[in-house]
Structure formats: C-alpha cells, structure tokens
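> Just need the structure, nothing else, for what follows:
(chains A and B)
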Amino acid sequence: GAGVSQTPSNKVTEKGKYVELRCDPISGHTALYWYRQSLGQGPEFLIYFQGTGAADDSGLPNDRFFAVRPEGSVSTLKIQRTERGDSAVYLCASSSGPNTEAFFGQGTRLTVV
Amino acid sequence: AQSVAQPEDQVNVAEGNPLTVKCTYSVSGNPYLFWYVQYPNRGLQFLLKYITGDNLVKGSYGFEAEFNKSQTSFHLKKPSALVSDSALYFCAVRDLLFSGGYNKLIFGAGTRLAVHP
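Sure thing, here's the model as predicted:
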C-alpha cells in the first residue's frame, strides 16, 4: 500500500473488555514497530518485529498486552482486560530494514470508559 | 540513561521569520537522531535524520537540523516559516549502544509550533 494503514482509527471500549488493533505496513517492509502515545507525550516504544518474530517486546507494559505478526506482514496488537490507563493513541510504523527510517500510520485512538 | 528533551512546549513565530525548535539528548553510545512532524489527525511524518557525516542535515519541506556533539543538541531550523508549518514536532534518538541494531526510538514530549500570519 501507499502507507501504513491502521484500523480502526478510533475505538471506544468498556473497562475489562478485550480489543484488537490492526496494522497493515507498507508492502515489502520487514520491520514493524508498535508505539503508544499518551496525551501530551511523545510516542513510547512497545514492540518490534523483524519478519514474523517479535525481536524486542521490552516496551509492553504488562502481560495484558500481546502482539502478533503471523505472516510477516499485518500485525495485531491485542489488549486483554482493558483499563482506563490504556487509553492512548497506538501507533504502528514500518521500515524496509531494521536501520532505515520508520514510516508511521495515523494511529488508533483507544478510549477505555 | 537514554533521554530526549524538548525544553519548549510551544514556539510562536511570525510567518517569514526563521524558526528554531530545540532538542537535546542523552545517550550512552553514539546517537542516530530524527525529527518527525505530526499534523492534526495524521500520523508522524519523517522530516530528517542524522546518522554520521556532515553536522548540518537537510530534510523535507525546507527544514534542516544541526547536530552538535559537544552540546548534545539537534535543533530543528527553517530560514523562513510558513503558516502551514504549524504542527507538533518530535525529536527522537536511537542509542546505538542499546537499540539492538534497529530503530528503537526514544521520543521527546513534542513542541507545538505556531506560525502566525
């Protein structure tokens, strides 16, 4: 595709529910990143995929957060038992290699009520 | 500790005047440095990067940034601001010692640039 696509653009969920956020990277990009941007702050690293494997998940805040990229393209960020503190914009980025600049999607704004 | 500081929450500039958005960083190894811009309801857009070489880096939309190792700074500049430059600007650093060979970026909190006609 022309750019990184994230769906949905907005998601409102009730506390305790499960949500999935989808990222469709630029075609051919092997590296994929998830970041989280809270209000008034810069993005914070969550997880990095090279191909299908999660090479670095050190930024995931706890075990309620999980991400997959089964075929090395589309990735899904999964959040279980959502809490109000999970409310943020979740950004996905991809790059053609681990050392090239990352291109970001528009983000998914998650609101937990 | 690795960190990025953007000391100004907001920068106000008159159209046609030069602009500077400040960024300082702290890393243990050598830095890769980036500037991204975020327009309302849009994702982060890459502006420019410094990896090695010339300390003055030129990027998109007429922006440039100067890497200063002694001052650990990477300020974003533009000779003549446009109203359309109004947006949120983020500085980011990759610590080559800890990034594991990929773009694990540490972002600043952002600076809102307002260019007035």
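> For residue A:12, see how far away residue A:113 is.
Per CB to CB, to the nearest Å, residue A:113 is found 6 Å from residue A:12. To be clear about C-beta, it is placed using only N, CA and C from the backbone, and glycine gets the same treatment.
> what touches both of the two?
Residues touching both residue A:113 and residue A:12 by CB atoms under 8 Å, 6 or more residues apart in numbering or on different chains: none at all.
> Please, where are all the strands along chain B?
B:3-5, B:10-14, B:19-21, B:24-26, B:31-38, B:44-50, B:56-58, B:64-68, B:73-78, B:87-95, B:106-107, B:111-116 (DSSP state E).
> Now do the fifth one: which elements does it pack against?
Identification of packing neighbours for strand B:31-38 by 3 or more CB pairs under 8 Å, 6 or more residues apart in numbering or on different chains; DSSP states H and E yields strand B:44-50, strand B:64-68, strand B:73-78, strand B:87-95.
> Can I get the strands of chain B in CSV including mean neighbour count, distance to residue A:98 and mean pLDDT?
Below are the strands of chain B laid out as CSV (neighbours: other CB atoms under 10 Å in any protein chain shown; distance: least, CB to CB, whole Å; pLDDT from 0 to 100):
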stretch, mean neighbour count, distance to residue A:98, mean pLDDT
strand B:3-5, 17, 20, 94
strand B:10-14, 14, 33, 98
strand B:19-21, 19, 28, 98
strand B:24-26, 18, 21, 95
strand B:31-38, 24, 12, 94
strand B:44-50, 20, 14, 93
strand B:56-58, 14, 21, 96
strand B:64-68, 18, 22, 96
strand B:73-78, 20, 22, 98
strand B:87-95, 24, 11, 92
strand B:106-107, 22, 16, 94
strand B:111-116, 17, 28, 97
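> Of those, which is nearest residue A:20?
Across the strands of chain B, residue A:20 has its closest neighbour in strand B:44-50 (22.2 Å, CB to CB).
> for the closest one, the distance to its chain's centre please.
Relative to the centre of its chain, strand B:44-50 is centred 8 Å away, using CA atoms, centre = their mean, to the nearest Å.
> Ok, stretch B:18-38 next?
4 Å.
> Kindly export that stretch (C-alpha atoms) in PDB.
This file holds the C-alpha atoms of stretch B:18-38, laid out as PDB (Å, rounded to 0.1, in the frame of the first residue of the first chain):
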ATOM      1  CA  PRO B  18      13.300  32.000  10.900                       C
ATOM      2  CA  LEU B  19      12.300  29.300  13.300                       C
ATOM      3  CA  THR B  20      14.200  27.000  15.700                       C
ATOM      4  CA  VAL B  21      12.800  24.100  17.700                       C
ATOM      5  CA  LYS B  22      15.200  22.800  20.300                       C
ATOM      6  CA  CYS B  23      16.200  19.300  21.200                       C
ATOM      7  CA  THR B  24      18.900  17.900  23.500                       C
ATOM      8  CA  TYR B  25      19.600  14.200  24.100                       C
ATOM      9  CA  SER B  26      21.400  11.900  26.400                       C
ATOM     10  CA  VAL B  27      22.700   8.500  25.300                       C
ATOM     11  CA  SER B  28      25.400   6.100  26.300                       C
ATOM     12  CA  GLY B  29      26.700   5.400  22.800                       C
ATOM     13  CA  ASN B  30      26.600   7.300  19.500                       C
ATOM     14  CA  PRO B  31      23.200   8.700  18.500                       C
ATOM     15  CA  TYR B  32      21.100   8.400  15.500                       C
ATOM     16  CA  LEU B  33      18.800  11.500  15.600                       C
ATOM     17  CA  PHE B  34      15.500  12.100  14.000                       C
ATOM     18  CA  TRP B  35      12.800  14.800  13.600                       C
ATOM     19  CA  TYR B  36       9.200  13.900  13.000                       C
ATOM     20  CA  VAL B  37       6.200  16.200  12.500                       C
ATOM     21  CA  GLN B  38       2.600  15.400  13.400                       C
END
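> Perfect, that will be all.
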